[in-house]
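Chemist: Here is my input; please provide its structure:
(chains A and B, ligands or ions: 2)
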Amino acid sequence: MRFEHPATFNPIDQLKVVGRPTSRIEGPLKTTGTAPYAYERHDVVTEQAYGYVVGSAIGKGRINAIDLAAAKAAPGVLAIVTAGNAGKLDKAERNPAPLLGGPEIAHYHQAVAVVVAETFEQARAAAQLVRVDYAPGDGRFDLAASRDKAFTPDPKIGGPADTAVGDFAATFAAAPVQLDATYTTPDQGHAMIEPHASIAAWEGDGLTVWTSNQMIAWGATDLAKTLGIPKENVRLISPYIGGGFGGKLFLRADVLLAALGARAAARPVKVALQRPLMFNNTTHRPATIQRIRIGADRDGKISAIGHESWSGNVKDGEPEVTVNQTRLLYAGANRMTAMRLSELDLAEGNAMRAPGEASGMMALEIAIDELAEKFGMDPIELRIKNDTQVDPEHPERPFSKRQLVECLREGATRFGWSRRNPQTGKVRDGRFLVGFGVAAAFRNNLLTKSAARVRLDRDGRVTVETDMTDIGTGSYTIIGQTAAEMMGVPLDKVVVRLGDSDFPVSCGSGGQWGGNNSTAGVYAACVKLREAIAQKLGFNSAEAVFADDVVRSGNRSVALAQAAGNDGITAEDAIEYGDLAKTYQQSTFGAHFVEVGVDADTAEVRVRRMLAVCAAGRILNPTAARSQVIGAMTMGVGAALMEDLVVDKRHGFFVNHDLAGYEVPVHADIPHQDMFFLDETDPMSSPMKAKGVAELGICGVAAAVANAVYNATGVRVRDYPITLDKLLDRMPDAA
Amino acid sequence: MRTFSYERAASPDAAAAAAGQATNAKFIAGGTNLLDLMKLEIETPAHLIDVNGLALDRIDATADGGLRIGALVRNTDLAADGRVRRDYAVLSRALLAGASGQLRNKATTAGNLLQRTRCPYFYDTNLPCNKRKPGSGCAAIGGFSRQHAVIGASEACIATHPSDMAVAMRALDAVIETVRPDGATRTIPIAELHRLPGDHPEVETTLAPGELITAVVLPKPVGGAQAYRKVRDRASYAFALVSVAAIVQPDGSGRVALGGVAHKPWRVEAAEAELPRGAKAVTARLLADARPTRDNAFKLPLAERTLSAVLREARA
Ligand SMILES: Cc1cc2nc3c(=O)[nH]c(=O)nc-3n(C[C@H](O)[C@H](O)[C@H](O)COP(=O)(O)OP(=O)(O)OC[C@H]3O[C@@H](n4cnc5c(N)ncnc54)[C@H](O)[C@@H]3O)c2cc1C
Ligand code: SF4
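Modeler: Residues are numbered from 1 along each chain as shown, chains lettered A, B, ... in the order given. Ligands and ions are numbered 1, 2, ... in the order given. Below you'll find the predicted structure:
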């Protein structure tokens, strides 16, 4: 189905199942510990052996030699695979650094060997006996120091390196009110609970991998490419995923090493990336340096807005696209953005929840707060004053739906924003200095092809199959709701099967595109199935009504079970998009409100209260969507206050590479969270009229926290995370 | 993890004797620290002596009105004990500020005292670390040292001791009771249990090889307002950047020990004479010879400010 015209009334608009708060259909499996995650697929093949990954001990350089003798002789060892004995390996474009390193080492903890043994303990013990002789080389590990060597990248996604409209430089220089500030965000890790984990089994030339991956088709394609085997010979199965946040978008070392280990050991092999390897072996959200300049008239109207950004990556890696929201969020006739990239020898930087906007909003939304202060204007009013209903670079292009102002106003009321004291450092509650902060939320809505297969069985059950994944987001449930709505059956009559490369190729889970696109694909397949059923029954498909397990047309009605017949009826289709995303700018909006308390003595920052108001198209399942948003808000608090992969610039690695060293919020850090969706449908996005929401929830949170800290203390911190050492010397006198 | 042999000791004497006989033996209590380190091959004992069955899990009153805490009393039980909460509140608070509920259920009194540093370079076996591999160097010096010691460190090691409990025990003048492989028993004031790193950061305590901790004795209660304040980047489940254990008497005298600043709980009795003059005077003395790194210089004002807050609350 091609989606080329704005959606009109369709069966989804009945909202009998879609749009209702619905508990996850796979929830009981998860709460009872019976959802089968990759590493625990004891049932799928027998004789599973264990692989343990050896990561590079240097950040850059070469392997002179590897001595495997002691490891091979260790008890239980079945095989050891290194780049030297793995056979020829290709490299997928989505993996700029090889997943199995050697002799060249691209980054610290790059896998250099996998040791396969009968038991996990044997594999781990033998891995310690692998002797690698390294010739360390000179690496580049310091983003700030590399800034003057940065080059202009040619980004594959996210827009051009440079944009310009009007005359930014002259307008900014002449603007009566100017802001020019530089912000930094650190490297951050996904730190999901389930590590990358895979079981690989060969049967002849065929390879099956039970894994944990957000993008099944990418994974299968890239595994085949890396191994140099036909894609048809590869099957990836990933029905349950214990978190990914973008860290599992790509083929990673666990999959490849399990496959290579299984081939070498002639046994199925399972590999979980050890926790300490999580941060340096895989991808992470790369650090950025961002300079924002805004010029405004005396009345608060922005006349010039510029955003420059520097990030680093491995060779052939992409820049962090931090500037996109600045191209779209606020009006202003003169604009520029620029991205520069340095080659660094740290692990690859890549997508983490809301790549680009999450980091970009961390900077931009502090800048707006700073600008508002220059005017003595309320930061909400300043944002409203500079709202735009059209793409500021192309005024002929309206937003499909944009309710930023409504989110800000609704949020202000619900949060009690009027109680904010605009003077900093004035509100005290016991030992805490209290402050309020606000930030806009913004994340683009992305449209991408997505397919599904739907079958009606003779018992009246509907089965949906698509390689879409559920990374804890609720995909199973919204896909089930979509099929139930379309086919006129209750949710418990729908079986949803996901995460299998044998199923039609979906959009996968990433970029907050999963919800809208995957359900739109299911919608397309259901439309086809309805037509097939109507045709079989001799109904006019345009008039057929599917409801209450029955299909009706005029005064004829047939139970769906009966319509299916003994063989059932199957239909498959994909949603594909026309030009609506070109004619209309599709984005999601929100507003974040945060109250913090800053300990006046120790400068510890603790969040006291949070609210998000989001406008993001139709909310397909308010329960699941709420979970996504409050989870994202939690992650935003982490970004604001503690998450920081610290680079050792001498040795070239992230030092705090475990969950004790890399702090993410715990329960005690997250107080009362509220969130509220504005009623919205967006007919430009898809027949579902939905948009993404799971990443919107993080965009702006950290800035709202930073702005609240400023309101509480009068200390403006522009370098994340806002740890107490950055506040301490400017706190009120103790004693 | 290396292969090891394992035995369950029948009595404290037998445990110590066994440790004296075996080469490279270790006691295992809750295992919450030792097992993690064994998995990473940072600790590689050849023999483990399980002390969990030794019936050292009681808290008894002593003749002079104090408490004898068995070496195997779990952190949870110690923190919840009515006598501890009433008479040694600083200890109860310190325990509850540490780790998580699950860990405290396993962690023992002796194990907590002997837990090893959380220096990230100590945990990464690819990096030089004098504590893990004597003579290999110290990667933390010149590296990421935000959590590290500001005082009492050496050219060889700038690690901190991570325990909260030990800081409170230091303020309480606890005494460690031990038995050695030859059956001899002795007592060690807590001030003398932990060493500064000096040239041998791998030697962390004054315990002799095979010496088993059997109990920790708290002298009779000293009263006063007792506080434990732990400052950290997140609200729970994080090691201290700085912590303050304080006991403040109505007359303004008292005791102060700091955590998160040194290779051992940090207390300088002479500094306590400054208490009536306030936190600045106390910390000036307490941290007089501090040599922080660029990353952790903030610990000095932080310690002073935290102590100031504690004193203010204690006097309120
Ligand atoms: C994630 C995490 C967070 C933590 N956070 C904190 C925190 O915030 N604050 C804090 O204070 N601690 C914290 N801890 C550390 C925790 O308190 C210690 O791991 C625990 O107290 C150790 O006790 P155990 O009985 O498990 O010791 P074990 O691991 O069994 O032993 C530790 C050491 O003591 C030796 N030993 C044990 N018993 C005896 C004995 N009777 N005589 C002689 N030697 C003995 C062992 O040989 C070993 O060397 C944390 C730990 C973890 C894993
Ligand atoms: S500070 Fe101590 S523990 Fe840390 S690396 Fe240096 S020697 Fe090792």
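Chemist: what's the neighbour count on the residue of the stretch 601-735 of chain A found nearest ligand 2?
Modeler: Ranked by Cβ to the nearest ligand atom, the top residue of the stretch 601-735 of chain A for proximity to ligand 2 is residue A:655, at 10.5 Å. Using the backbone N, CA and C atoms, a C-beta is placed for each residue, glycine as well. Residues lying near residue A:655 (other Cβ atoms under 10 Å in any protein chain shown) number 25.
Chemist: now it: how far from residue A:626?
Modeler: Counting by Cβ to Cβ, to the nearest Å, the gap from residue A:655 to residue A:626 is 36 Å.
Chemist: what do you get for residue B:57?
Modeler: 46 Å.
Chemist: Those two: who's more crowded?
Modeler: residue A:626 (21 against 16).
Chemist: pLDDT weak spots in chain A?
Modeler: A:734-735 (pLDDT under 70).
Chemist: 80 instead, please
Modeler: Along chain A, segments meeting pLDDT under 80 span A:733-735.
Chemist: Return the residue of it that is most distant from the centre.
Modeler: residue A:555 (48.9 Å; Cα atoms, centre = their mean).
Chemist: Using neighbour counts, pick out the buried residues of the top helix by length along chain A.
Modeler: Criterion DSSP state H: the longest helix present in chain A is helix A:514-537. Neighbour counts over helix A:514-537 (16 or more other Cβ atoms under 10 Å in any protein chain shown) mark A:514-534, A:537 as buried.
Chemist: can you check stretch A:190-203 too?
Modeler: A:190, A:191, A:192, A:194, A:195, A:196, A:197, A:198, A:199, A:200, A:201, A:202.
Chemist: Residue ranges of each domain in the chain, please.
Modeler: By default, I'm working from chain A. Structural domains annotated on chain A: A:2-35+A:447-581, A:42-138+A:190-280, A:397-445+A:586-730, as defined by automatic domain parsing.
Chemist: Not quite, go with chain B.
Modeler: Per the record, chain B has its domains at B:5-52, B:225-315, by the TED database.
Chemist: Format the ones you listed as TSV; extra columns: mean neighbour count, mean pLDDT and distance to residue A:112.
Modeler: Output for the domains of chain B, formatted as TSV (neighbours: other Cβ atoms under 10 Å in any protein chain shown; pLDDT from 0 to 100; distance: least, Cβ to Cβ, whole Å):
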stretch	mean neighbour count	mean pLDDT	distance to residue A:112
domain B:5-52	18	97	17
domain B:225-315	21	97	30
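Chemist: want to throw those into CSV with distance to residue A:180?
Modeler: Shown next, in CSV, are the domains of chain B (distance: least, Cβ to Cβ, whole Å):
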stretch, distance to residue A:180
domain B:5-52, 47
domain B:225-315, 27
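Chemist: quick one: residue A:265 from residue A:227, how far?
Modeler: Residue A:265 is 16 Å from residue A:227, by Cβ to Cβ.
Chemist: what about those two, which has more around it?
Modeler: Set side by side, residue A:265 and residue A:227 show more neighbours around residue A:265, with 23 against 20, by other Cβ under 10 Å.
Chemist: tell me the contacts of that one?
Modeler: A:49, A:78, A:79, A:116 (Cβ atoms under 8 Å, 6 or more residues apart in numbering or on different chains).
Chemist: For the last one, list the residues it contacts.
Modeler: Taking Cβ under 8 Å, 6+ apart as the definition of contact, the neighbours of residue A:116 are A:49-51, A:77-81, A:123, A:261, A:264-265, A:267, A:269.
Chemist: of all the residues you listed, which comes closest to residue A:110?
Modeler: residue A:81 (14.2 Å; Cβ to Cβ).
Chemist: Of the domains of chain B, which is nearest residue A:166?
Modeler: Closest to residue A:166 of the domains of chain B, according to Cβ to Cβ: domain B:225-315, at 43.3 Å.
Chemist: May I ask which of the contacts of residue A:265 has the most neighbours?
Modeler: Neighbour counts for these (other Cβ under 10 Å) peak at residue A:116, which has 28 neighbours.
Chemist: doesn't that one fall inside a strand?
Modeler: Yes: looking at residue A:116 with DSSP: H, G, I helix; E, B strand; the rest coil, it is inside a strand.
Chemist: Look up the residues forming beta bridges with it.
Modeler: residue A:51, residue A:79 (DSSP bridges).
Chemist: Look at residue A:674 and give its secondary structure.
Modeler: State at residue A:674, reduced to three classes by three-state DSSP: strand.
Chemist: Residue A:594 versus the nearest residue to it once chain neighbours are set aside, what's the distance?
Modeler: In this structure, residue A:674 finds its nearest non-sequential neighbour in residue A:611, 4.5 Å apart by Cβ to Cβ, 6 or more residues apart in numbering or on different chains. Noted for residue A:611: a distance of 8 Å to residue A:594, by Cβ to Cβ.
Chemist: Enumerate every residue touching residue A:213.
Modeler: Going by Cβ under 8 Å, 6+ apart, residue A:213 touches A:219, A:236, A:238, A:241, A:244, A:248, A:249, A:251, A:255, A:469, A:499.
Chemist: what residues are up against the fifth one?
Modeler: Residue A:244 is in contact with A:190, A:192, A:212, A:213, A:214, A:471, A:509, counting by Cβ under 8 Å, 6+ apart.
Chemist: List the buried residues of stretch A:403-416.
Modeler: For stretch A:403-416, by 16+ other Cβ under 10 Å, it's A:403, A:404, A:405, A:406, A:407, A:408, A:409, A:410, A:411, A:412, A:415.
Chemist: residue of chain A with the smallest distance to ligand 1?
Modeler: Counting by Cβ to the nearest ligand atom, chain A gets nearest ligand 1 through residue A:660, at 5.3 Å.
Chemist: quick one, which of the domains of chain B is nearest to chain A?
Modeler: Chain A sits nearest to domain B:225-315 of all the domains of chain B, at 3.7 Å, using Cβ to the nearest Cβ.
Chemist: And the closest one, end to end?
Modeler: With Cα to Cα, to the nearest Å as the measure, domain B:225-315 spans 8 Å from end to end.
Chemist: Just the strands from the stretch 201-316 of chain B, written as ranges.
Modeler: With strands called from DSSP state E, counting those that start in this stretch, the stretch 201-316 of chain B shows them at B:212-218, B:225-231, B:242-248, B:254-259.
Chemist: Distance to ligand 2 for these - can I get that in a markdown table?
Modeler: Converted to a markdown table, the strands of the stretch 201-316 of chain B look like this (distance: least, Cβ to the nearest ligand atom, whole Å):
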| stretch | distance to ligand 2 |
| --- | --- |
| strand B:212-218 | 22 |
| strand B:225-231 | 21 |
| strand B:242-248 | 17 |
| strand B:254-259 | 16 |
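Chemist: out of those, which comes closest to ligand 1?
Modeler: Judging these by Cβ to the nearest ligand atom, what sits closest to ligand 1 is strand B:212-218, at 3.7 Å.
Chemist: mind listing the helices in the stretch 101-250 of chain B by residue range?
Modeler: Ranges of helices in the stretch 101-250 of chain B, per DSSP state H, counting those that start in this stretch, are B:101-106, B:109-114, B:120-123, B:165-171, B:190-193.
Chemist: ok, residues contacting the longest helix along chain B?
Modeler: Longest helix in chain B, counting residues (DSSP H): helix B:299-315. Outside helix B:299-315, the residues within contact range by Cβ under 8 Å, 6+ apart are A:431, A:599, A:601-603, A:724-725, A:728-729, A:731, A:734-735, B:150, B:224-225, B:227, B:229, B:231, B:241-244, B:246, B:248, B:252, B:254, B:256, B:258, B:260-261, B:275, B:278-280, B:282-283, B:286-287, B:290, B:292.
Chemist: near chain B, which residues of the stretch 51-200 of chain A?
Modeler: Residues of the stretch 51-200 of chain A found near chain B (Cβ under 8 Å from any Cβ of the partner chain) are A:57, A:58, A:121, A:124, A:125, A:128.
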